[in-house]
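Prediction below, plus the sequence it came from.
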Amino acid sequence: MEYSKPWLTFERQADLLINERGLIADRDCLIAHLADIGYYRLSGYWYNFKRKPVSDEDGEKDERFVEGTTFEQVWKLYVFDRQFRLVVLDAIERIEVFFARNSRMNLPGQQGRLAFWIPRTFPV
């Protein structure tokens, strides 16, 4: 299998999205975001704004966006996901700290200082 997609500059990527796929965007702003975040990472966020990926007789998919799709919509989705991920990771870290602290304080108090090395401390 041969990889057929050519390497594109950020400017060419922006032109592809705007001119060939119909994304409504400020070109300079789009180029800046492509340079900072990357085409591939952002593509996961604009996937929902694409037309139905129906292949034609040659197997080519319709890569155009639904009419009226703006980069601002895509960007808002990306920012929401980034902020949501930070909130979730913060909550996970708080839970991890809670259990680690309780393990360090309660297990030695109940089982002795070497409780972490005793297999029966952690039943399977």
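Received, thanks. Numbering: from 1, shown residues only.

CA atoms for contacts and neighbours, from now on please.
OK.

For residue 110, grab phi and psi.
phi -90, psi -40 (degrees, to the nearest 10).

now the helices for this structure?
For the chain, helices defined by DSSP state H occupy the ranges 10-15, 27-36, 39-46, 71-111.

among the ones you listed, which is nearest residue 1?
helix 39-46 (20.6 Å; C-alpha to C-alpha).

name the helices or strands packed onto the closest one?
helix 71-111 (3 or more C-alpha pairs under 8 Å, 6 or more residues apart in numbering; DSSP states H and E).

Show me what the helix it packs on is packed up against.
With contacts taken as 3+ C-alpha pairs under 8 Å, 6+ apart, helix 71-111 sits against helix 39-46.

What lies in contact with the helix it packs on?
With contact meaning C-alpha atoms under 8 Å, 6 or more residues apart in numbering, helix 39-46 is reached by 13, 34, 74-75, 77-78.

Same question for stretch 67-86.
22-25, 30, 42, 45-46, 49.

same thing but at 7 Å, please
Stretch 67-86 is contacted from outside by 23-25, 45-46, 49, using C-alpha atoms under 7 Å, 6 or more residues apart in numbering.

what's the burial count for residue 34?
19 (other C-alpha atoms under 10 Å).

my guess is it contacts residue 11, does it?
No: if you go by C-alpha atoms under 7 Å, residue 34 and residue 11 don't touch, sitting 8.9 Å apart.

Out of the helices of the chain, which is closest to residue 3?
Using C-alpha to C-alpha, these put helix 39-46 closest to residue 3, at 15.7 Å.
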